[in-house]
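In: let me see the structure of the following:
(chains A and B)
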2 protein chains.
Amino acid sequence: MNKDQIPDIIVSRLPVYLRALRHLKTRGKLTTSSQELGAAVGLSAAQIRKDLSQFGGFGKQGTGYNIEFLIEKLRDILQVKQVWDVAVIGMGDMGHALSRYQGFKDRGFRVAMLFDNDPTKIGTQVDDFIIRDAGEMIPAIQTAGIKLAMLCVPAMQAQEVTDRLVEAGVKAILNYAPINLTVPPGVRVQYLDPSTGLQRMTYYLG
Amino acid sequence: MNKDQIPDIIVSRLPVYLRALRHLKTRGKLTTSSQELGAAVGLSAAQIRKDLSQFGGFGKQGTGYNIEFLIEKLRDILQVKQVWDVAVIGMGDMGHALSRYQGFKDRGFRVAMLFDNDPTKIGTQVDDFIIRDAGEMIPAIQTAGIKLAMLCVPAMQAQEVTDRLVEAGVKAILNYAPINLTVPPGVRVQYLDPSTGLQRMTYYLG
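Out: Numbers count the residues shown, from 1 in each chain, chains lettered A, B, ... in the order given. Modelled structure (predicted):
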């Protein structure tokens, strides 16, 4: 299967299905249907079936989906059975919160390194980690082979830091700075700035 | 125009266009093309034109888009020319970071109330705000007429708090807890848990 043949919009829904399936599992359920899964994530049953059929289907006519099996398949497809090391750049409030975020456990990620350029922060400890000098970011990330970063620096510095992350070999950036980043082909950016998330919803209000 | 006639996937892209247009504006540009805007957000020129045509177009053949005009139109459509008050629920690391987030300014939002259920946090100050008792959430949000909330409570409490937010009249929830929420029709949830954002990208790695 060529990865680029699957539309990104479908890929973007797989983590949402995975989250919903885990939720059903914690409620003690063993099987689910495209109707039930669709209702949990706000999509039609047809959409669920169509999306999953891109990867081979996984369900049986009449008996639905085995939740544990589908969870394992989605973890496989998303490549999160392994644990990915993630670097956090910018140890302000947001970087601090992300470095201590409890929701990475069992989801395929582990915070591995923290960086800042503020001399009063460099060398201080956050849980098990010492905040490192952002000036050493490129060799440190290269040596560790880290491919994922969460970017929490001020908007003004975001592009310059991104360029250095790309140079260090980072392939995927979760961007919390409220600006658009330019990256070369082969590097991906997801934008998680809260304003954008809220603006998607205010459209429907009032 | 009936709002539900526009597919949600198109609505979801408008804040991204808005962010990119503001970025072009800060670089001193006055006009842009669907090619340039597409390149900035990683979509085709045809997709940009198709999306904007749903709302009437805004561009002129040959001269492209006036950036300031398109920004104002998008702010209108997304209803962010007004400033929306937002409540933050759960003053752990993430709630704390969001309550101090600098990226809401000029984007249509203002943090207005903070809540927690921890007696050691209730009554303490974060910038200009006193953290309120989550037990008083429903009347406080109702009285203030707040329609937006950012949910930063632990996963175990997220659904119960959501039910109370809905009762208080909240119509849009930005959820940072790593679980799926059930809400009645007319209430919207956006999921910003970082694991999901990272999982969208690990699919392509390796």
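
In: where do the helices sit along chain A?
Out: Using DSSP state H, the helices of chain A run over A:8-26, A:34-41, A:45-53, A:67-78, A:93-99, A:137-144, A:155-167, A:194-202.

In: of all those helices, which one is nearest residue B:56?
Out: Taking C-beta to C-beta, helix A:194-202 is the member of those nearest to residue B:56, at 19.0 Å. Yep, even glycine has a C-beta here, placed from its N, CA and C like the rest.

In: which other helices and strands contact the closest one?
Out: Applying 3 or more C-beta pairs under 8 Å, 6 or more residues apart in numbering or on different chains; DSSP states H and E, one finds that helix A:194-202 contacts helix B:8-26, strand B:84-89, strand B:148-151, strand B:172-175, strand B:188-191.

In: for residue A:116, give the beta-bridge partners.
Out: With DSSP bridges as the criterion, residue A:116 is bridged to residue A:133.

In: does it touch residue A:96 like I think?
Out: No: at 9.9 Å, residue A:116 does not count as touching residue A:96 under the criterion of C-beta atoms under 8 Å.

In: give me the beta-bridge partners of the spatially most central residue of chain A?
Out: Per C-alpha atoms, centre = their mean, the C-alpha nearest to the average position across chain A is that of residue A:174, at 6.9 Å. Residues in a beta bridge with residue A:174, per DSSP bridges, are residue A:150, residue A:190.

In: so who does it touch?
Out: Residue A:174 is in contact with A:148-151, A:189-190, A:192, B:194, B:197-198, B:201, counting by C-beta atoms under 8 Å, 6 or more residues apart in numbering or on different chains.

In: which of these has the weakest pLDDT?
Out: Lowest pLDDT of those: residue A:192, 86.

In: burial count for that one?
Out: 21 (other C-beta atoms under 10 Å in any protein chain shown).

In: ok, it to residue B:30 distance?
Out: Residue A:192 is 30 Å from residue B:30, where distance means C-beta to C-beta, to the nearest Å.

In: residue B:106 is nearest to which of the helices and strands packed on helix A:194-202?
Out: Of all the helices and strands packed on helix A:194-202, helix B:8-26 comes closest under C-beta to C-beta, at 8.5 Å.

In: the closest one close to chain A?
Out: Yes: using C-beta under 8 Å from any C-beta of the partner chain, helix B:8-26 comes into contact with chain A via B:9, B:11-12, B:14-16, B:18-20, B:23.

In: just send those back as CSV, with neighbour count and pLDDT too.
Out: Below are those laid out as CSV (neighbours: other C-beta atoms under 10 Å in any protein chain shown; pLDDT from 0 to 100):
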residue, neighbour count, pLDDT
B:9, 10, 83
B:11, 19, 91
B:12, 17, 88
B:14, 23, 94
B:15, 25, 94
B:16, 19, 91
B:18, 23, 94
B:19, 22, 91
B:20, 23, 91
B:23, 19, 87
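
In: which of those residues sits closest to residue B:50?
Out: Nearest to residue B:50 among the residues of helix B:8-26 next to chain A is residue B:9, at 11.5 Å by C-beta to C-beta.

In: give the contact list for that closest one.
Out: Contacts of residue B:9 (C-beta under 8 Å, 6+ apart): residue A:9.

In: cool, the one 10 residues further on as well?
Out: Taking C-beta under 8 Å, 6+ apart as the contact definition, residue B:19 lies against A:178-180, A:191, A:193, A:196.

In: neighbour count and pLDDT for the residues you listed - can I get that in a markdown table?
Out: Putting these into a markdown table (neighbours: other C-beta under 10 Å; pLDDT from 0 to 100) gives the following:
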| residue | neighbour count | pLDDT |
| --- | --- | --- |
| A:178 | 23 | 80 |
| A:179 | 20 | 82 |
| A:180 | 20 | 84 |
| A:191 | 22 | 86 |
| A:193 | 22 | 84 |
| A:196 | 20 | 89 |
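
In: and the two most separated of the residues of helix B:8-26 next to chain A?
Out: Greatest spatial distance among the residues of helix B:8-26 next to chain A (C-beta to C-beta): B:9 and B:23, at 22.1 Å.

In: so how far is residue A:19 from the residue nearest to residue A:46 when sequence neighbours are not counted?
Out: Once flanking residues are discounted, residue A:46 sits nearest to residue A:34: 7.6 Å by C-beta to C-beta, 6 or more residues apart in numbering or on different chains. According to C-beta to C-beta, residue A:34 and residue A:19 sit 16 Å apart.

In: with residue A:109 instead?
Out: Taken as C-beta to C-beta, the span from residue A:109 to residue A:19 is 14 Å.

In: got a pLDDT number for the residue of chain A positioned farthest from its centre?
Out: In chain A, counting by C-alpha atoms, centre = their mean, residue A:62 sits farthest out from the average C-alpha position, at 33.3 Å. pLDDT for residue A:62: 71.

In: what's near enough to touch residue A:30?
Out: By C-beta under 8 Å, 6+ apart, the contact set of residue A:30 is A:66-68.

In: report pLDDT for it.
Out: 95.
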